[in-house]
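Peer 1: here is my input; please provide its structure:
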Amino acid sequence: MGRMQAEEFAGMTGKGKGKISLEKALTWHLQGNHYPPVPTSMVGPCKRAISAVNRGKNDAKIKLPEGISYRGEKHAPASAIVEGHNLHSWINPQD
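Peer 2: Residues are numbered from 1 along each chain as shown. Below is the predicted model of the structure:
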């Protein structure tokens, strides 16, 4: 499981027959590929972090859900969320 499964989930994301929403793919990934499972309240921040990193804004501050902090703060850099939640499969390679 883990990375290979995340890559499959990322490949299944999109619109059309046989595709799933990004939210569903991230939920499956966060719940199934992490121990303990990451709370589903992190799906939104993960989605925003992926978007920010794909736009080259690695240092963008992403608001965290109530009760979750990063180094004592209520925001985390997009790159830290991607790294900490193993979201590399959803990151577009840079040319």
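Peer 1: three-state assignment of the nearest residue to residue 77 once chain neighbours are set aside?
Peer 2: Computed as Cβ to Cβ, 6 or more residues apart in numbering, the closest residue to residue 77 that is not its neighbour in sequence is residue 59, at 5.3 Å. Glycine gets a C-beta too; all of them are placed from N, C-alpha and C. Using DSSP: H, G, I helix; E, B strand; the rest coil as the criterion, the local structure at residue 59 reads coil.
Peer 1: do the same with the one 3 residues further on
Peer 2: Per three-state DSSP, the secondary structure class of residue 62 is strand.
Peer 1: how close does it sit to residue 41?
Peer 2: As defined by Cβ to Cβ, to the nearest Å, residue 62 lies at a distance of 13 Å from residue 41.
Peer 1: same deal with residue 5?
Peer 2: As judged by Cβ to Cβ, residue 5 and residue 41 stand 21 Å apart.
Peer 1: now residue 81
Peer 2: Relative to residue 41, residue 81 is positioned 13 Å away (criterion: Cβ to Cβ).
Peer 1: ok, those two, which is more surrounded?
Peer 2: Summary of the neighbour comparison: residue 81 and residue 41, criterion other Cβ atoms under 10 Å, with residue 81 having more neighbours (23 against 13).
Peer 1: that one contacts residue 90, correct?
Peer 2: No: applying Cβ atoms under 8 Å, one finds residue 81 not in contact with residue 90, separated by 11.3 Å.
Peer 1: ok so, going back, the residue nearest to residue 77: neighbour count?
Peer 2: Counted by other Cβ under 10 Å, the residues lying close to residue 59 total 11.
Peer 1: so who does it touch?
Peer 2: Taking Cβ atoms under 8 Å, 6 or more residues apart in numbering as the criterion, residue 59 is in contact with 77-79.
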